[in-house]
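# Task: produce atomic coordinates for the following.
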Amino acid sequence: MCFSATASFGAGAILTAIGAVSLKTANTPKQLPFASIPLIFAAQQIAEGFLWLSLTNPEYARFTIPCTYLFLFFAQIFWPTWVPFAALKLEANERKSKLLKIMTACGAAVSLYFTACIIIFPVEGMVQDCHILYVFGYPQIMTPFVTGFYAIATIGALMVSSVKGMKTFGISVLVAYVVTAIFYLDFFVSVWCFFSAILSILIVSVVYNLRKSSTAIQADTGK
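Sure, this is the predicted structure:
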């Protein structure tokens, strides 16, 4: 599979529309953090689209540094905290809420770690073999631990949730994770984020189920 600015901008456009539908479908404030995920992924993909342009067209070179950092902000800082937090807001099961609180704390720790790394160490994006390769100066000894906590916070939170359809989304993201690790390891950050962004289309069905459930509860309460 070959990626490009067109693919990133195309994904961004589709996800903007999906995100608008998802937010419109949500009917309670607690649903909004989760319902907003496709729209946020749209912003991330558009940022990488501009990074593609900056790396392949000299006239857009001024976008290279800000777009690199903007993409990595979403990929490494934002998602580890936002995903488990969004799942936690939807969780009604007390035992699972406790687990999701732990996962949110793990995600927050990962976000803080990457914030420090991005500030302290050099990062660079470059085009290689039809992909964007992100090169980091982060301490390699920490990579296995941070990767594990990142997966627990994001994929784990989706798998733990009792919300209908959430586990399907989590399994899909996990499959994308494994496929990316096997076939696109050198370009993992870019490719897994792209796959996860596309899979966030599934969020609309999850939010729709939540809307039906909350509407039914409101109707029963009204009776």
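# make it CA atoms for all contacts and neighbour counts henceforth
OK.
# Just the strands from the protein, written as ranges.
Along the chain, the stretches classed as strands by DSSP state E are 123-128, 131-136.
# Mean neighbour count, these: which tops it?
strand 131-136 (a mean of 18; mean count of other Cα atoms under 10 Å).
# All the helices of the chain, residue numbers only.
5-25, 32-35, 37-56, 64-72, 79-90, 94-120, 143-151, 157-160, 166-183, 188-199, 203-222 (DSSP state H).
# Which one, of these, ends up nearest to Val127?
Nearest to Val127, of all the helices of the chain, is helix 37-56, at 6.8 Å by Cα to Cα.
# which other helices and strands contact that closest one?
Judged by 3 or more Cα pairs under 8 Å, 6 or more residues apart in numbering; DSSP states H and E, helix 37-56 is in contact with helix 5-25, helix 64-72, strand 123-128, helix 188-199.
# Arrange these in JSON lines, one row each, with distance to Trp52 as further columns.
Formatted as JSON lines, the helices and strands packed on helix 37-56 follow (distance: least, Cα to Cα, whole Å):
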{"stretch": "helix 5-25", "distance to Trp52": "5"}
{"stretch": "helix 64-72", "distance to Trp52": "8"}
{"stretch": "strand 123-128", "distance to Trp52": "8"}
{"stretch": "helix 188-199", "distance to Trp52": "11"}
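# residue contacts, the residue nearest the centre of the chain?
The residue lying closest to the centre of the chain (Cα atoms, centre = their mean) is Trp79, at 4.9 Å. By Cα atoms under 8 Å, 6 or more residues apart in numbering, Trp79 lies in contact with Thr154.
# Identify the bridge partners of His131.
His131 forms beta bridges with Gln128, as assigned by DSSP bridges.
# which residues sit in contact with it?
Cys2, Phe3, Ser4, Phe187, Ser190, Val191.
# out of the helices and strands packed on helix 37-56, nearest to Thr143?
The nearest among the helices and strands packed on helix 37-56, by Cα to Cα, is helix 188-199 at 12.9 Å.
# Tell me the helices and strands packed up against the closest one.
helix 5-25, helix 37-56, strand 131-136, helix 166-183.
# Give me whichever of the ones you listed is most buried.
Of the helices and strands packed on helix 188-199, helix 37-56 is the most buried (mean count of other Cα under 10 Å), at a mean of 24.
# okay but Tyr60 is in contact with Pro66, surely?
No: with contact defined as Cα atoms under 8 Å, Tyr60 does not reach Pro66; the gap is 11.5 Å.
# Can you pull out the low-pLDDT segments for the protein?
Residue ranges of the chain with pLDDT under 70: 1-2, 214-223.
# Next, find the distance separating the residue nearest to the centre of the chain from Arg62.
26 Å (Cα to Cα, to the nearest Å).
# before we move on, the earlier item: and the helices and strands packed on helix 37-56: which comes nearest Ile102?
Nearest to Ile102, of all these, is helix 188-199, at 22.7 Å by Cα to Cα.
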